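Q: pasted the sequence and its predicted model underneath.
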Amino acid sequence: MSKLAIDGGEKVFAEGVNLGGWPPVYPETAEKLAKLYMSQKWSFYGAVEMAFSANFAKYHDAKFGTFMVNGTATLETALKALGVGPGDEVIVPSWTWMATGMAPLYVGATPVFVDGDKATFCMDPEAFEAAITPRTKAVIPVHLFGSVADLDRICAIAQKHGVKVVEDCAHAHGAKWNGKGVGSFGDVGSFSFQQSKIMTAGEGGMCITSDEELFDRIGRYSHIGYSLGSKQGKPSTPPPVNLDSHNYRCTEFQAQILQDQLDRLAEDSKRRQENADYLHAELRKIPGIGTQAPGRCATVQSYYVFGITVDPAALKPGKTKADVIAAVNAEGAVEVFAGWGAVTYKQRLWNASPDRYRVESFRTVEEIIQNRIVLADIRWLNGPRSRCEKLVEAFRKVMQEYGK
Ligand SMILES: Cc1ncc(COP(=O)(O)O)c(C=O)c1O
């Protein structure tokens with residue numbers, strides 16, 4: 001057995017690992033951005049924004065797309081457009097980014113947190129159904145990290161109870177469920193283009209829907225009452241009276257960056273999926289190591305981060321997930337990390353206001369967060385297979401020492 005690097009042995013990544021920056025950059029995009037700059041048309045229903053919104057929606061099998069400033073504004077706007085407000089409850093996963101739970105609060109509703117599935121970590125459909133009350137107006141399943149929530153079961157339960165569905169696809173650009181794009185199963189699909197995401201323009205977001213009326217409302221709520229096709233200062237049709245709308249518009253520059261990424265998405269997803277398939281197969285051969293299960297019917301599984309699990313029962317007494325992370329990183333795999341640290345409402349942002357949310361269930365995901373999850377970011381999948389092979393080798397080496 002070779003000595004672990006953390007104990008002074010040789011590193012698996014003897015030359016270190018350079019994951020490179022994120023996102024990839026393309027000179028032809030830079031040229032287009034320069035032209036856009038000179039065009040002096042930078043926002044407000046520009047041609048690039050319109051084309052990108054339509055193309056992105058189509059890629060995900062929806063009819064309409066509305067481009068916005070970020071993936072928090074899209075969730076909030078989706079809920080507003082669906083008529084969610086004070087007195088309503090919105091069911092969200094206990095394990096997600098804060099924004100998923102904050103969006104219901106912004107519109108005056110109560111977020112209700114429910115547990116995740118032990119294999120995919122996404123919302124558990126049974127936990128969702130158990131949390132439904134007469135006040136439940138909407139549910140926000142999240143396609144978390146490298147999986148897709150069980151859309152068939154969640155949408156069937158939602159339909160049975162008259163609950164609206166907003167899919168949070170912030171981690172799932174390009175993923176398909178039974179051949180159909182994520183975001184097109186719910187009433188609205190919400191995407192983020194924040195710096196770390198699969199597609200990014202630094203910031204940005206998109207709501208997709210196939211419901212024309214909903215599309216109009218989403219547009220007006222995010223565009224200070226203006227309808228599609230308006231000119232600045234001249235609404236083509238007047239906004240409804242008392243529409244408390246926002247300006248969440250985004251720019252032509254961001255649309256251009258994202259359009260060029262969209263053009264590459266199918267090819268990039270394929271390469272990442274091949275690396276992910278390799279990691280699933282090889283990591284699962286290591287006693288005590290597992291991986292986050294892809295969506296049950298995901299015909300294309302996109303990966304924002306790759307989820308690896310450590311079984312605490314397989315570790316020697318005194319060793320924890322944190323020791324495994326430290327030892328794997330010492331082998332040179334510097335970018336393997338523990339994740340968000342706690343279920344959403346136990347983060348500081350939430351502890352301040354326990355009266356404003358309800359917790360229904362959380363134990364499965366809390367145990368995974370505390371004891372099991374290790375994340376490897378998208379750049380591992382974007383790079384060559386040889387790097388993934390070394391990552392597996394690092395886990396194998398560490399588990400030979402730390403496993404029972
Ligand atoms: C699951 C999830 N939902 C929503 C958001 C919010 O997106 P944004 O950061 O663009 O506001 C994020 C991201 O960062 C996220 O990870």
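A: Thanks, I have the structure now.

Q: beta-bridge partners for the closest residue to the ligand within the stretch 201-350 of the chain, please?
A: Nearest to the ligand in the stretch 201-350 of the chain, going by C-beta to the nearest ligand atom, is G205, at a distance of 5.3 Å. All C-beta spots, glycine's among them, are computed from the backbone N, C-alpha and C. Counting by DSSP bridges, G205 is bridged to M68, S192.

Q: for the ligand, what's its nearest residue on this protein.
A: For the chain, C-beta to the nearest ligand atom, closest residue to the ligand: G71, 2.8 Å.

Q: any regions of this protein where pLDDT drops low?
A: 1, 351-352 (pLDDT under 70).

Q: so which bits of it are right by the ligand?
A: 70-72, 96-97, 99-100, 142, 168, 170-171, 192, 194, 205 (C-beta under 6 Å from any ligand atom).

Q: just the buried subset of those residues, please.
A: Among the residues of the chain next to the ligand, those that count as buried by neighbour count (16 or more other C-beta atoms under 10 Å) are 70-72, 96-97, 99-100, 142, 168, 170-171, 192, 194, 205.

Q: picking up where we left off before, which residue comes closest to the residue of the chain closest to the ligand once chain neighbours are left out?
A: Nearest residue to G71, sequence neighbours excluded (C-beta to C-beta, 6 or more residues apart in numbering): S192, at 2.5 Å.

Q: for the one you found, give me its contacts.
A: 70-72, 74, 99, 170, 204-205 (C-beta atoms under 8 Å, 6 or more residues apart in numbering).

Q: can you check T136 too?
A: 88-91, 112, 161, 163.

Q: again, 6 Å this time
A: 89, 163 (C-beta atoms under 6 Å, 6 or more residues apart in numbering).

Q: who does it form a beta bridge with?
A: Here T136, judged by DSSP bridges, has bridge partners E89.

Q: residues contacting Y106?
A: E76.

Q: hmm, back to that, if I look at the residue of the stretch 201-350 of the chain closest to the ligand, how far off is E49?
A: 13 Å (C-beta to C-beta, to the nearest Å).

Q: ok, now C122?
A: 31 Å.

Q: one more: A201?
A: Relative to E49, and taking C-beta to C-beta, A201 is found at 11 Å.

Q: quick check: which element contains A376?
A: strand 373-377 (DSSP states H and E).

Q: residues in contact with the nearest residue to G46 once chain neighbours are set aside?
A: Spatial nearest neighbour of G46, chain neighbours left out: E252 (4.2 Å); criterion: C-beta to C-beta, 6+ apart. Contacts for E252 (C-beta under 6 Å, 6+ apart) come out as 36, 42, 46, 48-49.

Q: how far away is E252 from Y37?
A: On the measure of C-beta to C-beta, E252 and Y37 end up 9 Å apart.

Q: and A119, how many neighbours?
A: 15 (other C-beta atoms under 10 Å).

Q: that one and P294 touch, don't they?
A: No. A119 lies out of contact with P294 (C-beta atoms under 6 Å); the separation is 9.5 Å.

Q: the residue sitting nearest the centre point of the chain: what's its closest spatial neighbour, skipping adjacent residues?
A: Centroid-nearest residue in the chain: H171, 2.2 Å away (criterion: C-alpha atoms, centre = their mean). The shortest distance from H171 to any non-neighbouring residue, by C-beta to C-beta, 6+ apart, is to Y304 (3.6 Å).

Q: again, but for T209
A: Nearest non-adjacent residue to T209, counting by C-beta to C-beta, 6+ apart: V188, 4.9 Å away.

Q: quick check: the one you found touching E167?
A: No. Counting by C-beta under 6 Å, V188 does not reach E167; the two are 7.3 Å apart.

Q: what ranges does the stretch 51-200 of the chain have for its helices?
A: 71-81, 98-106, 125-131, 151-161 (DSSP state H, counting those that start in this stretch).

Q: can you pull the buried residues of the shortest one?
A: By neighbour count, with 16+ other C-beta under 10 Å as the criterion, the buried positions of helix 125-131 are 125, 127-129, 131.

Q: export those to a markdown table and tack on distance to D244?
A: As requested, these are exported to a markdown table (distance: C-beta to C-beta, whole Å):
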| residue | distance to D244 |
| --- | --- |
| P125 | 34 |
| A127 | 33 |
| F128 | 29 |
| E129 | 33 |
| A131 | 28 |
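
Q: and which of these is nearest Y221?
A: Comparing those against Y221 with C-beta to C-beta places F128 closest, at 25.7 Å.

Q: please name the residues that touch the closest one.
A: So F128 contacts 91, 114, 139 (C-beta under 6 Å, 6+ apart).

Q: and the helix or strand hosting D260, how far out from the chain middle?
A: Secondary structure assignment for D260, by DSSP H and E: helix 252-283. Distance of helix 252-283 from its chain centroid, counting by C-alpha atoms, centre = their mean, to the nearest Å, is 14 Å.

Q: now the angle between strand 373-377 and that helix, please.
A: Angle of helix 252-283 versus strand 373-377, following axes from the mean of the first three to the mean of the last three C-alpha atoms, to 10 degrees, is 130 degrees.

Q: and helix 252-283, which residues are buried?
A: For helix 252-283, by 16+ other C-beta under 10 Å, it's 252-262, 265, 268-269, 272-273, 275-276, 278-280, 282-283.

Q: now do stretch 315-327
A: 315, 319, 321, 323-325, 327.

Q: ends of that stretch, how far apart?
A: With C-alpha to C-alpha, to the nearest Å as the measure, stretch 315-327 spans 13 Å from end to end.

Q: chain center to that stretch: distance?
A: 28 Å.

Q: does T291 have beta-bridge partners, and which?
A: I308.

Q: how deep is it tucked in, by neighbour count?
A: Neighbourhood size, T291 [other C-beta under 10 Å]: 19.

Q: in this structure it contacts A281, no?
A: No. Here T291 does not reach A281: they are 9.1 Å apart, not a contact under C-beta under 6 Å.

Q: so which of the contacts of F128 are in strands?
A: 91, 114, 139 (DSSP state E).

Q: give me the buried entries from those residues.
A: Buried among the ones in strands among the contacts of F128 (16+ other C-beta under 10 Å): 91, 114, 139.
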